[in-house]
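A.B. asks: Provided below for reference: sequence and predicted model.
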Amino acid sequence: MEKAPLKGSCLCGAVCYELVAPPVWAHVCHCSRCRKATGSAFAPNLFVPLDALRFTQGEEHLRAFQPPDAERFVHRFCAVCGSPLPSLNPGRGNVVVPMGSLDDDPGLSPQAHIWVASRADWDAISDDLPQHPEALGSGD
């Protein structure tokens, strides 16, 4: 990590955070949950170790929604402006960081597309990154 810590925040600035360990992975997710949570074709997500996330301001504004049938998906957001924010994934020992919430360049670009089989019909992938029909490690 070139500069530590990496900083991030929501749209209104009520919630600020920092990442104190380098990112370990980044991908672009095209699943329907990520599309609905972001209002876009996909969600670029960065991953850091579980203990790397520190909220520096506005933690009281964090809210979370987990669909009843979701095993791993949690949509964490600012209660003031609705911006997606990092969420903990204790089962996998990491934090999922919406890359659009970063204020600093993480020095790592997405390395793959996942859940491509469920991408929106109008979503055209135009890069050469590996494409996986489902999540990595799900038998694709």
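C.D. replies: Right, received. Where do you want to start? Numbering: from 1, shown residues only.

A.B. asks: could you pull out the helices for this protein?
C.D. replies: Using DSSP state H, the helices of the chain run over 32-38.

A.B. asks: could you find the closest non-adjacent residue to P98?
C.D. replies: P84 (4.2 Å; CB to CB, 6 or more residues apart in numbering). In this view, the C-beta of every residue, glycine as well, is placed from N, C-alpha and C.

A.B. asks: contacting residues around the one you found?
C.D. replies: The neighbourhood of P84, defined by CB atoms under 8 Å, 6 or more residues apart in numbering, consists of A37, T38, A43, H75, R76, F77, P98, G100, S101.

A.B. asks: in strands, which of the residues you listed appear?
C.D. replies: A43, H75, R76, F77, P98 (DSSP state E).

A.B. asks: quick check, the fourth one in contact with P98.
C.D. replies: Think F77. No - using CB atoms under 8 Å, F77 is not in contact with P98; the gap is 9.3 Å.

A.B. asks: now the common contact residues for those two.
C.D. replies: Shared contacts of F77 and P98, defined by CB under 8 Å, 6+ apart, comprise P84, L85.

A.B. asks: P67 versus G8, what's the distance?
C.D. replies: 24 Å (CB to CB, to the nearest Å).

A.B. asks: who has more neighbours out of the two?
C.D. replies: G8 (26 against 11; other CB atoms under 10 Å).

A.B. asks: ok, now which ones touch that one?
C.D. replies: G8 touches C16, Y17, E18, L19, L85, P86, V97, S101, L102, D103, D104, counting by CB under 8 Å, 6+ apart.
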